[in-house]
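S.K.: Give me coordinates for this.
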Amino acid sequence: MTRIAIIGSGPTGIYALKGLIASERPLSITIFEETPDAGKGTPYHPAVNDRAMLANIASIEIPPICESLVDWLSSRTDDELRVLGIERRAIGDREFYPRVVLGDYFADQFWMLVKRGIAARHAIDVKAGHKILDIKLGRDDISLSFARRGGEAGEAQFGHVIMATGHDWPENTEVAPGYFSSPWPADAIRRIGPVEVGVLGTSLSGIDAVVSVATAHGMFLRDEDDTLHYQPEPDSEGFHLTMMSRKGLLPEADFYCPIPYRPLVVCTKSAVERLISDVPDRLLDEVFELFKQEIVLTDPDYAARIGLGLSTVEDIADRYFRVREEADPFVWAARNLSEAKANKATRSTVEWRYAILRMHEVVALAVPHFNDSDLKRFHEHFKTVFVDDYATVPHQSVERLLALHNVGKLHVRALGDDYDIQRTDDEPGTIVSTDTLSMSFSAFIDATGQHALSASDLPFPSLRRADVLKDAQTTIRELDKANASFRRTGGIDIDEDFRPRVGPDLTNHLYCVSVPFLLHKLPFVQGITSSHELGKRVARAILASISRDERLFQFDGSREAT
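M.R.: This next block holds a predicted model:
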């Protein structure tokens, strides 16, 4: 049997396993998982997440594994649902659930896949509680060094290895007294006392941090009118939260839209692929024209309202955010939430929002082909429009922010582009300052999310060698077009099947689908739908490689016999 290893049993590893066991040829598959319980994944693991933290993906958007999330929840007993904190009447394909509920779902689906794979004559070995220490590429195979909880170490060789290690968070997030580099694990920030707390980031990660700390010093309650309120503990007078970001905007509430997506008319995959081939030197501007045409066709009133016809890559974000920036963030949040709830009830779609949502995956096709100038312009100006549009949050998340604000426990501040964060290594306290204000916090949480990593950041020593893997680069075109130089962009240099480009005489059967090392090339590669696409893609690539090797072996054998 061909020996395949999957490092990580989160969603990406699960979808890869699903693709691999579809092989008619028996495979030997080993799954390494660092935690004791396989299948849950870091973003949904109970040891990392607070039960109050919500996932921002509904069941209808999660590609089914063995069954959909709604079908899985519906098949639970009343006692099981009670443990999960879910009422049976609240189960629906467009509802949002706590992250840990998705963790239970993924774990159950993972073990169902394992059983199916074994029944299909695959040899599957799940090594939970095993940490990979090193990955060594050989000429014909890949050697994995690992350690089991308790100190036992080992080494094994594989023909193909999938690096599905997921998000990269430090083991100890409190890097200085009162300064947390991440909201996870949630237990760490729940120990923050009733003090002034600063949270850098206003996206769902920031909301996760706010909710975790808030539920440690009070509780959320609904009244008879279904309005959510926050009740602080009696001894929490000094407890207050401040969320901060460049623009000081809160994310909008999840909006209703048809799923599966309606096809785009102008900004289509084929149109973008044509531009990649025909106009590489002005690719971003040409893609932006497709973006504008699609919105004008879809929602002409919105296009006219923001002056889209006169917009450029450099000012589209200003036009997109202008009205929200002029409003109080909580007034806007309340109004937007009311609109989103009404649209969900009537199944009404805000067409311009839906158009941007559908276009982000198509525009992403062009990103790896941008030259240095366009790549910089895209990240500085254009990307934020897509990120804001697809990173909407559950209605309950917005309700929680409003409830905290209504009792004076939460405020939002805009920092602009130029701000400073000062902390000490020996005393709790962080000072955040701009040209116009200075804020002091007894506790501070960086909730800006996952950042891009490069080959030099890999946790596997043998892969960090300069002659093994290469950092990704972008081409810098000179004025005469005849010369070109290169600039490091971060991330790992990979091919279309997510195989890192390696040095000579080394196997290329390592597949990197770990998010932090892909952000340079795939700026929107976040979430479960991306995990599905990545897992499916590498499984298909591995099966194709095995098939090619088998045909070559048969050809060589027949030629030798002849």
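
S.K.: Which strand or helix spans the closest residue to H411 other than its chain neighbours?
M.R.: Nearest residue to H411, sequence neighbours excluded (CB to CB, 6 or more residues apart in numbering): T242, at 5.3 Å. Every residue, glycine included, has its C-beta placed from N, CA and C. Using DSSP states H and E, T242 sits within strand 240-245.

S.K.: if we can go back for a sec, neighbours of the residue nearest to H411, how many?
M.R.: By other CB atoms under 10 Å, the residues close to T242 number 18.

S.K.: Ramachandran coordinates for A443?
M.R.: phi -140, psi 140 (degrees, to the nearest 10).

S.K.: before we move on, back to that, residues contacting the strand holding T242, please?
M.R.: Outside strand 240-245, the residues that touch it by CB atoms under 8 Å, 6 or more residues apart in numbering are 196-203, 206, 210, 213-214, 250, 404, 408-415, 432, 439, 441.

S.K.: again with stretch 127-146
M.R.: 5, 7, 9, 30-38, 147-149, 153-161, 163, 460-463, 468, 502, 505-507, 509-510.

S.K.: before we move on, the earlier item: just list whatever residues bridge to the residue nearest to H411.
M.R.: G198, H411 (DSSP bridges).

S.K.: Can you list the buried residues in stretch 198-216?
M.R.: Buried residues in stretch 198-216, counted by 16 or more other CB atoms under 10 Å: 198-216.

S.K.: Among those residues, which are located in strands?
M.R.: 198-200 (DSSP state E).

S.K.: Okay, now the unreliable bits of the chain?
M.R.: Scanning the chain for pLDDT under 70 picks out 168-170, 471-490, 552-562.

S.K.: Could you point out the longest helix of it?
M.R.: In the chain, assigned by DSSP state H, the helix with the most residues is helix 528-561.

S.K.: What helices and strands are in contact with that one?
M.R.: On a contact count with 3 or more CB pairs under 8 Å, 6 or more residues apart in numbering; DSSP states H and E, helix 528-561 meets helix 11-20, strand 160-163, strand 510-512.

S.K.: Paired strands for the shortest one, with orientation please.
M.R.: The one in question is strand 510-512. Strand 510-512 pairs in its sheet with strand 160-163 (parallel), by DSSP bridges.

S.K.: now what about the partner strand, what contacts it?
M.R.: If you take CB under 8 Å, 6+ apart as the criterion, strand 160-163 is touched by 2-8, 13, 16, 135, 142, 144, 509-514, 538, 542, 545-546.

S.K.: again with stretch 404-414
M.R.: Residues contacting stretch 404-414 (CB under 8 Å, 6+ apart): 202, 210, 214, 218, 229-230, 232, 239-250, 325, 329-330, 401, 437, 439.

S.K.: again, 6 Å this time
M.R.: Applying CB atoms under 6 Å, 6 or more residues apart in numbering, the contact partners of stretch 404-414 are 214, 230, 240-244, 247-248, 329-330.

S.K.: Helices of the stretch 51-200 of the chain, residue ranges please.
M.R.: Taking DSSP state H, counting those that start in this stretch as the criterion, the stretch 51-200 of the chain carries its helices at 69-74, 78-84, 99-119, 186-190.

S.K.: Any idea how many residues pack against I124?
M.R.: That count, for I124 with other CB under 10 Å as the rule, works out to 21.

S.K.: Remind me which helix or strand K344 belongs to.
M.R.: K344 belongs to helix 329-346, assigned by DSSP H and E.

S.K.: Quick one: list the elements packing against that helix.
M.R.: helix 395-406 (3 or more CB pairs under 6 Å, 6 or more residues apart in numbering; DSSP states H and E).

S.K.: May I have the helix it packs on exported as PDB, CA atoms only?
M.R.: Only the C-alpha atoms of helix 395-406 are listed here, as PDB (Å, rounded to 0.1, in the frame of the first residue of the first chain):
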ATOM      1  CA  HIS A 395     -26.900  38.100  14.900                       C
ATOM      2  CA  GLN A 396     -26.400  37.000  18.500                       C
ATOM      3  CA  SER A 397     -22.800  38.300  18.400                       C
ATOM      4  CA  VAL A 398     -24.100  41.800  17.500                       C
ATOM      5  CA  GLU A 399     -26.800  41.600  20.200                       C
ATOM      6  CA  ARG A 400     -24.100  40.800  22.800                       C
ATOM      7  CA  LEU A 401     -22.100  43.900  21.800                       C
ATOM      8  CA  LEU A 402     -25.100  46.100  22.000                       C
ATOM      9  CA  ALA A 403     -26.100  44.600  25.400                       C
ATOM     10  CA  LEU A 404     -22.600  45.400  26.800                       C
ATOM     11  CA  HIS A 405     -22.700  48.900  25.400                       C
ATOM     12  CA  ASN A 406     -26.100  49.600  26.800                       C
END
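
S.K.: Mind listing what's buried along it?
M.R.: For helix 395-406, burial by neighbour count (16+ other CB under 10 Å) applies to 395-405.

S.K.: and it, how far from the chain's centre?
M.R.: 23 Å (CA atoms, centre = their mean, to the nearest Å).

S.K.: count of neighbours near the nearest residue to A452 once chain neighbours are set aside?
M.R.: Spatial nearest neighbour of A452, chain neighbours left out: L519 (4.0 Å); criterion: CB to CB, 6+ apart. Residues lying near L519 (other CB under 10 Å) number 18.

S.K.: mind checking how far L519 is from V323?
M.R.: In this view, L519 and V323 are 29 Å apart by CB to CB, to the nearest Å.

S.K.: Likewise for L133?
M.R.: Using CB to CB, L133 is found at 52 Å from V323.

S.K.: ok, the two, which is more surrounded?
M.R.: L133 (16 against 11).

S.K.: got the residue ranges for the helices in the stretch 351-500 of the chain?
M.R.: In the stretch 351-500 of the chain, the helices defined using DSSP H, counting those that start in this stretch lie at 351-364, 372-377, 383-390, 395-406.

S.K.: in stretch 512-519, what counts as buried?
M.R.: 512-519.

S.K.: Quick check: closest non-adjacent residue to L84.
M.R.: V101 (5.2 Å).
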